[in-house]
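**Student:** Here is my input, please return the structure:
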Amino acid sequence: MSILSSDLTFQLGDTGVTLNTDSVFPFVDITQVAGLDSAPFRTSQRDHEGTDGAFIDAEFETGRDLLLTGTVYADSSTMELYLDQLVFNYQPSTVRIPFYFKAPGVDERVLFVKPLGCRYNWDILRRTGQANIQFSMFAEDPRKYSSTLKSVAMVQGSTIITGRSYNKSYNFGYNTIILVPDSVVVTNSGNRDAPALISIAGPVVNPIIVSDTAGKTLSVNITLGVSDTLVIDLVNHTVVLNGTANRRNLLSAPNWFLLSPGDNVLRFRATVAGSAIATVTFRDTYR
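**Tutor:** Residues are numbered from 1 along each chain as shown. Next up, the predicted model:
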């Protein structure tokens with residue numbers, strides 16, 4: 001669901017104040033945005049002993065600082081009330097809040113941030129109904145996401161016979177996708193690996209999630225009743241039963257994976273035939 005209707009606009013929270021509307025008083029004209037480029041990489045550097053040069057590791061990103069700079073325009077009689085709204089909107093939070101932004105030519109995207117307040121001074125500009133202002137936020141998760149949440153259902157496929165097996169399909173690494181009857185295609189339209197939640201509704205015995213694209217398998221030794229739901233979080237590596245019970249210890253094949261950019265071929269299986277449903281929930285993910 002899109003929150004913003006105009007290009008180059010910004011909004012913190014589903015009901016927050018929209019910035020950069022430039023239409024009817026009062027409004028905020030955003031003049032600079034810092035922090036929507038590449039997130040900072042966590043680096044480790046060491047010398048190459050015995051010869052010239054060095055090694056550097058930069059595989060993972062740190063959190064992302066975000067700073068918006070602009071000018072408030074308002075009637076002198078409404079300026080303070082409008083600033084009160086902005087201060088309230090950007091007050092610090094213990095939970096992450098969606099920050100929506102819309103660039104021309106692409107769909108609306110979102111960062112999940114913790115706001116760090118807004119800053120402005122009382123100066124001569126207040127006489128003309130203006131105030132320079134900055135909005136500060138921090139994204140613990142540096143990934144940029146589509147604002148639309150996607151959901152793909154997988155019906156339980158063929159029965160799995162337990163025993164020694166080779167866990168990679170033969171097309172692995174050859175840039176070819178072969179669809180099998182019980183597979184589904186989950187498409188990540190972004191440009192980086194996407195986290196996902198996989199919700200498995202019972203009844204099912206020993207559910208198994210297979211990613212043919214990644215060549216990996218997640219298998220849980222558990223029997224789910226008709227009222228049970230098991231949620232697997234692919235990025236935080238958690239397995240939770242009915243919203244509260246930790247069942248990660250029941251993973252027999254903890255081969256974690258994320259959704260690669262493009263098409264991902266997934267399968268849902270179990271050791272006993274059935275008609276259970278597994279639902280993959282995710283967002284397109286961007287750097």
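**Student:** mind listing what's buried in stretch 35-48?
**Tutor:** The neighbour-count check on stretch 35-48 (16 or more other CB atoms under 10 Å) flags 35-36, 39 as buried. C-beta here means a position set from N, CA and C on the backbone, and glycine is covered the same way.
**Student:** Tell me which residues are up against that stretch.
**Tutor:** The list of residues contacting stretch 35-48 from outside it, by CB atoms under 8 Å, 6 or more residues apart in numbering, reads 53-67, 101, 137, 139, 142, 144, 287.
**Student:** which among these end up buried?
**Tutor:** 61, 64-66, 101, 137, 139, 142, 144.
**Student:** Between those residues, which sits nearest Ala201?
**Tutor:** Using CB to CB, Lys144 is the member of those that lies nearest Ala201, at 30.5 Å.
**Student:** The closest one touches Arg283, doesn't it?
**Tutor:** No. Because the distance of 9.5 Å does not satisfy CB atoms under 8 Å, Lys144 is recorded as not touching Arg283.
**Student:** wait, Val113 sits on Val95?
**Tutor:** No. With contact defined as CB under 8 Å, Val113 does not reach Val95; the gap is 10.5 Å.
**Student:** Quick check on those two: which one has the bigger neighbour count.
**Tutor:** Of the pair Val113 and Val95, Val113 is the one with more neighbours under other CB atoms under 10 Å, namely 25 against 6.
**Student:** hmm, back to that, among the buried residues of stretch 35-48, show me the least confident.
**Tutor:** Among those, Ala39 has the lowest pLDDT, at 90.
**Student:** Please narrow the contacts of stretch 35-48 to those residing in strands.
**Tutor:** Secondary-structure check on these using DSSP state E: residues within strands are 54-61, 64-67, 101, 137, 139, 144.
**Student:** Need the contact partners of stretch 12-24.
**Tutor:** 3-4, 6, 8-11, 27-30, 68, 70, 85-86, 89-90, 97-100, 113, 115, 135, 137.
**Student:** Take those and keep only those in helices.
**Tutor:** Within the contacts of stretch 12-24, residues falling in helices by DSSP state H are 85-86, 89.
**Student:** Now rank the residues you listed by neighbours and give me the top one.
**Tutor:** Leu86 (22 neighbours).
**Student:** ok, and the closest non-adjacent residue to it?
**Tutor:** Leaving aside its sequence neighbours, Leu86 sits nearest to Cys118 (CB to CB, 6 or more residues apart in numbering; 5.3 Å).
**Student:** Likewise for Arg119?
**Tutor:** Take Arg119 and drop its neighbours on the chain: the residue closest to it by CB to CB, 6+ apart is Gln134, 4.8 Å away.
**Student:** Show the contacting residues for the one you found.
**Tutor:** 67-70, 118-120.
**Student:** who touches both of Lys144 and Arg283?
**Tutor:** With contacts taken as CB under 8 Å, 6+ apart, the residues that reach both Lys144 and Arg283 are Val110.
**Student:** Can you pull the poorly scored residue ranges out of the stretch 1-150 of the chain?
**Tutor:** Flagging of the stretch 1-150 of the chain using pLDDT under 70 yields the residue ranges 1.
**Student:** Would you map the strands across it?
**Tutor:** Counting by DSSP state E, counting those that start in this stretch, the stretch 1-150 of the chain has strands at residues 9-12, 18-19, 27-34, 41-47, 54-61, 64-73, 97-102, 109-120, 130-139, 144-146, 150-155.
**Student:** Quick check: pLDDT value at the residue lying closest to Ser211 once chain neighbours are set aside.
**Tutor:** If the residues on either side of it in the chain are set aside, Ser211 comes closest to Phe257, at 4.9 Å by CB to CB, 6+ apart. Reading off the per-residue confidence, Phe257 sits at a pLDDT of 97.
**Student:** distance of Phe257 from Gly16?
**Tutor:** 35 Å (CB to CB, to the nearest Å).
**Student:** Please apply the same query to Gly215.
**Tutor:** When distances are taken as CB to CB, Gly215 and Gly16 turn out to be 42 Å apart.
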